[in-house]
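1. Return a 3D structure for these sequence lines:
(chains A and B)
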Amino acid sequence: CCKDDQASGSKKPISLPISRVRLIMKSSPDVSSINQDALFLTTKATELFVQHLALSSFNNGSGKETNSLSYSDLANTAQETETFHFLTDILPKKILAQDYLNSLEQMQEEEGADY
Amino acid sequence: MASSSGNDDDLTIPRAAINKMIKETLPNVRVANDARELVVNCCTEFIHLISSEANEICNKSDKKTISPEHVINALESLGFASYITEVKDVLQECKTVALKRRKASSRLENLGIPEEELLRQQQELFAKARQQQAELAQQEWLQMQQAAQQAQMAAASATAAQQAGSSQDEDEEDDI
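-> Alright, predicted model coming up:
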């Protein structure tokens, strides 16, 4: 039902491509078979997740005055919201080059006179 | 955008679908490109998260296939309980749509008319249509013929009139 792209004007229950969601699920280790209804649920949950992430990041973010959403808005929201913590692995906060050099210097100092 | 490398890790939701959702959720908001890319990757991450959790729950039960129940429990335990109501509603909607479709096709099948009868009726209709076409064609042809005859007759009488006129002239000359 939800793959029907010709539904003009009427609100489809699901807009993300279900087949792609299935492929991604099956690429998870150990996942064997998935019931079709379970697939629908997961697809819809993913849609809700996108909306949730986008809205939270925008509302908590620095772009509200300028009506914009940036990478760091997303990264910050992921860090600050517990349910989004699973994202921090793929969300390295973009490190400024200067900060990196500073922390590098710090590490060298700590290691002492071995150099 | 199909992944050509065949590497499972490259699987993501198509960027266009994500862009559309972002636009609908945050209309008129400028979203940076790297932010969009990030959302795409977060989706994949989310799907893995739910699948793994649901899979674990499934393994603990005596079922082999991940069921809707498993997914719902996974959402709950991962802190996404707020999604559950809407997600369940959609499932119901999908089932209703599928049911309507099946009913519609079976309504056609179950008009009570067996297939051979339907075939016979179809042949009848075709034969009728062919006949009507033939009659129409014949009528047209007849009309054309009549028109052609009339044209011929008109041409003939016009020539005759001309000839008659010219012979009259000769007679007059003779009189003088």
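
2. which residues sit in contact with B:Ala147?
-> B:Ala147 makes contact with no residue under the criterion Cβ atoms under 8 Å, 6 or more residues apart in numbering or on different chains. All C-beta spots, glycine's among them, are computed from the backbone N, C-alpha and C.

3. typo on my end, A:Lys26
-> A:Ile34.

4. at 7 Å instead, please
-> Residues near A:Lys26 by Cβ atoms under 7 Å, 6 or more residues apart in numbering or on different chains: none.

5. Confirm A:Glu65 sits in a helix?
-> No: counting by DSSP: H, G, I helix; E, B strand; the rest coil, A:Glu65 is not part of a helix but coil.

6. Please identify which helix or strand holds residue 38.
-> Answering for chain A, as no chain was given. Assessed by DSSP states H and E, A:Ala38 sits inside helix A:36-60.

7. To clarify, I was referring to chain B.
-> Assigned by DSSP H and E, B:Leu38 belongs to helix B:33-60.

8. And the strands in chain A, which stretches?
-> A:33-34, A:68-69 (DSSP state E).

9. for those strands, which one ends up most surrounded?
-> strand A:68-69 (a mean of 21; mean count of other Cβ atoms under 10 Å in any protein chain shown).

10. how far does that one sit from the chain's center?
-> Put simply, strand A:68-69 sits 16 Å off its chain's centre (Cα atoms, centre = their mean, to the nearest Å).

11. What pairs with that strand, parallel or antiparallel?
-> Using DSSP bridges, the strands paired with strand A:68-69 are strand B:30-31 (parallel).

12. thinking again about what came up before, just checking, what packs against the helix holding A:Ala38?
-> Secondary-structure packing of helix A:36-60 (3 or more Cβ pairs under 7 Å, 6 or more residues apart in numbering or on different chains; DSSP states H and E): helix A:18-26, helix A:71-80, helix B:15-25, helix B:33-60, helix B:68-77, helix B:84-109.

13. How about the most centrally placed residue in chain A: what's its closest non-neighbour residue?
-> Closest to where the C-alpha atoms of chain A average out (Cα atoms, centre = their mean) is A:Leu87, at 5.7 Å. The shortest distance from A:Leu87 to any non-neighbouring residue, by Cβ to Cβ, 6 or more residues apart in numbering or on different chains, is to A:Ala78 (4.2 Å).

14. what about the one you found, how many neighbours?
-> A:Ala78 has 23 neighbours, counted by other Cβ atoms under 10 Å in any protein chain shown.

15. ok, now A:Ser57?
-> Neighbours of A:Ser57 (other Cβ under 10 Å): 28.

16. do A:Phe40 as well
-> The tally of other residues near A:Phe40 (other Cβ under 10 Å) stands at 24.

17. What pLDDT does the model give it?
-> We have a pLDDT of 94 for A:Phe40.

18. Same question for the one 10 residues further on.
-> Looking at A:Val50, its pLDDT reads 97.

19. Distance check, it against B:Thr25.
-> From A:Val50 across to B:Thr25, the span is 7 Å (Cβ to Cβ, to the nearest Å).

20. who's more crowded, these two?
-> Applying other Cβ under 10 Å to A:Val50 and B:Thr25 shows that A:Val50 carries more neighbours, namely 22 against 16.

21. And that one, how close does it get to B:Val31?
-> 12 Å.

22. ok, now B:Ala147?
-> To B:Val31, B:Ala147 is 72 Å away according to Cβ to Cβ.

23. Walk me through which strands the helix or strand that the helix holding B:Leu38 is followed by pairs with, and which way each runs.
-> Proceeding N to C from helix B:33-60, the next assigned helix or strand is strand B:65-66, under DSSP H and E. Paired with strand B:65-66 in the same sheet, following DSSP bridges, are strand A:33-34 (parallel).
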